[in-house]
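>>> Fold the following for me, if possible:
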Amino acid sequence: MDQAQAISCAENIALLHLLHAVPTRPSKNPNKDLSGRKPSNYSLSFETERKLSYLLASISSVTEKIDHIPAVCIREDARTKSLHVLLAVNQAKFDDCKSLMEKLKAGFSKLFLMLSKVENATKGPATVTSQSDILGAIIEMCSGRIICRLRLTKKSSLKPPLSKRLQSAIGLVSHESANQFVEAAKLLDKQISSYTKHRTLEELQLVIEAAYQLGKKPHFSDCVDSIMEIEMERSAKTALLDTIQKLSRYKQTARFLHSAAKKDRLLRTMKLVPVRLPDMAFRNDSPLTLNPSLLSALRRGGWPSKEKNIRRVCDLLKVTQEHAKKCFVDQTIKSFSQSKVHAEIQLIYHCEVEGFQNPPRVICSSKDACYLCNLFIGVVGKFHTPRSHGRLHPAWKLPVFPQPSDLPLRLNTLLEEKIQSSICTMLQRRAKTIYPFPNESTILTLPVSTSTLASLICHSEHGEGIIAAQLPLASDIARLETGDSILQSAASHSTEIIGTIQQDYCNSLSESDDHEPCEPAPSQDQLVSLTKGVKTSAEVIASRSSPIYEAWPLQVQVEKNDTATKPSCKGENLPSIHFSIEWLSEEEARQIRRENPRLIIDAGSMESEVTIKLGDSDNFFIAARDAMVRMCMPKVPLGAP
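Here you go, the predicted structure:
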């Protein structure tokens, strides 16, 4: 990256950060074709690679230091017929994070060695390495992070330990399933108490086992949510749920790795490859005459760089021009001395330079991708990352590529479009759009094999069918499938704070991150916010998906599964699924929980097998924390006589 592009990038980031510390709300990236990558060139399916990358990234978080965020991607080595797990960590300088990389290399090498000794499932049930052995290796590598999650370190002592929150919840739960919750919570509290006395890895493993058992209890999240906020604040309840889910994830990861290694030889051939970019990639040549200019940055974005325009923007930002210019200059200068190359960007650099024949398709960090990483991954167009938390970290930079590349120019062009669009939207609304600071570490749920699916029975217009509810890694996403439809629900961390946009001008600008596009009809990737008490009816044909319906923190998408479609059906003759969805009021949700708990699918704790017979009502309910929606899939299409 030449110096001119580096200066432009630093200025664009500083200006965009001045406009928005959080430019967009958290989002989930759709699975899409990646630059013509042929599935036939890969032994692993895309979904398996996505799931494996996410799980390995999640257990690579072995320290509470926020500056050292790892990321992984997986490459199939056709020559050795093995999987290379590429791992990088955020770095500002070449010699950063050496000790952390050594720790990760040792931990993963031991884990992969154990996986290599898992016996093929076709040879019988006995294995050389057990699931417990896999979990033990994970806990040994991640013990420091686990102890932090339990709030048992000096640094984390400012927050209440998990045991204290558990003890409070045990005495306050009023849900009808409270007995199961209390029993499991007491066991977890007992195991934590035992661990604090002896501090052995064996007892820490028992803590994880107990957290897993608590998290899989039916209506686990409902039990916590039943506690009145006057007795336990919402933030405390959210923290309790989040901690249990993250502790459970270690057990869930061990289960998946052990099961997958028994079935697929490739997962018994994994090898860790630490990625360390050359010294020149971190070169930080600050120009001798660096003179950041807010006017110049605005001009590059196509905005008239007159003092009166800066004054209008500053008035809406509620800062003085002097303060805005100072913040812009200070941040731009810091970019040349304190910025880091994020781990995801290092992995992209490594893959681009190496030019792999079958490069990785998925890049996952131990946290959701930041705004700039997500933006750059989109610019490259060759990789997928599951989620972005939407926050802009201004201490971010691109590495210096060894050969000329147009990527910096393309990123700058996109940043300038975002700046122009953001200013236009702000002037239209006469106010700054503010999104809350997000939770940067969320729990992602990915598809699992059919052998581990739970089942839910319901009626469809073709008779009684089976809904397969996928075993979630945690409460973030649950996927429900029938011969006629698929429903996908996600506990999203996004909160929409957005005003009405008057489309009086700037229609020629590219779509802004700050508002939803106005479409005549919602597309399958569009987010539609539901209104409490208002029923929404729709129809979906085979191989198509509905828009994503949001009842915060729940998201639901309906998809017509073409497995039940006759081969002769084409085009407009494809059968469809009719349904309605309604976000219930809190009072209605409480009534359903009292009177029809058997019809509730808890997206936060779907772990064991559940069977629901809908009878003549054709109604069932999906819940996530405080939100509940009613799904209706009648045997007779909605509106029919």
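>>> When you work out contacts or count neighbours from here on, use the C-alpha atoms and nothing else.
OK.
>>> From Gln3, how far out is Ile139?
Using CA to CA, to the nearest Å, Ile139 is found at 45 Å from Gln3.
>>> Looking at those two, which is more packed in?
The neighbour comparison of Ile139 against Gln3 (other CA atoms under 10 Å) goes to Ile139, with 24 against 12.
>>> Tell me which helix or strand comes right after whichever strand or helix holds that one.
Using DSSP states H and E, Ile139 maps to helix 131-149. Downstream of helix 131-149, the first helix or strand assigned by DSSP H and E is helix 162-172.
>>> what is the rounded mean pLDDT of the helix or strand following that following helix?
The helix or strand immediately downstream of helix 162-172 is helix 178-198, counting by DSSP H and E. Averaged over helix 178-198, pLDDT sits at 94.
>>> Over to stretch 12-29?
The average pLDDT within stretch 12-29 is 91.
>>> So which bits of it are buried?
12-27 (16 or more other CA atoms under 10 Å).
>>> Could you list which of the residues you listed belong to strands?
With DSSP state E as the criterion, strands contain Ser27 from among the buried residues of stretch 12-29.
>>> Restricted to helices, list the buried residues of stretch 12-29.
Using DSSP state H, the members of those that fall in helices are 12-19.
>>> Which one of those is nearest to Leu52?
Minimum distance to Leu52 across those is 32.3 Å, recorded for Ile13 (CA to CA).
>>> okay but the closest one is in contact with Pro394, surely?
Yes: Ile13 lies in contact with Pro394 (CA atoms under 8 Å); the separation is 6.1 Å.
>>> and the residue nearest to Pro359 when sequence neighbours are not counted, what helix or strand is that in?
Distances taken as CA to CA, 6 or more residues apart in numbering put Arg75 closest to Pro359, at 5.9 Å, once the chain neighbours are dropped. For Arg75, the element it lies in under DSSP H and E is strand 70-77.
>>> Contacts for that strand, please.
42-43, 49, 53, 56-57, 60-61, 82-90, 343-344, 347, 358-366 (CA atoms under 8 Å, 6 or more residues apart in numbering).
>>> Put the buried members of those residues into a ChimeraX selection.
Remark: buried members of those, expressed as a ChimeraX selection using 16+ other CA under 10 Å:
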select :42,49,53,56,57,60,61,82,83,84,85,86,87,88,89,90,343,344,347,359,360,361,362,363,364,365,366
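>>> Go through the contacts of strand 70-77 and flag which are in strands.
Reading strands off those with DSSP E, I get 82-89, 363-365.
>>> of all those, which comes closest to Ile170?
Ranked by distance to Ile170 (CA to CA), the ones in strands among the contacts of strand 70-77 are led by Ser365 at 34.4 Å.
>>> how about the closest one, what does it touch?
By CA under 8 Å, 6+ apart, the residues touching Ser365 are 54, 57-58, 69-72, 343-344.
>>> Could you rerun that using 6 Å?
Listed by CA atoms under 6 Å, 6 or more residues apart in numbering, the contact partners of Ser365 are 57, 70-71.
>>> Just the closest of those residues to His384, please.
Nearest member of the contacts of Ser365 to His384, counting by CA to CA, is Ala71, at 12.8 Å.
>>> Find the nearest non-adjacent residue to that closest one, please.
Ser365 (3.9 Å).
>>> Tell me the spacing between Lys382 and Arg361.
Lys382 sits 7 Å away from Arg361 when distances are taken as CA to CA.
>>> Give me the number of neighbouring residues for the residue lying closest to Lys93 once chain neighbours are set aside.
Nearest non-adjacent residue to Lys93, counting by CA to CA, 6+ apart: Phe282, 5.7 Å away. Phe282 has 21 neighbours, counted by other CA under 10 Å.
>>> Helix, strand or coil: sort out Val629 for me.
strand (DSSP: H, G, I helix; E, B strand; the rest coil).
>>> which non-adjacent residue is nearest it?
Once flanking residues are discounted, Val629 sits nearest to Trp583: 4.4 Å by CA to CA, 6+ apart.
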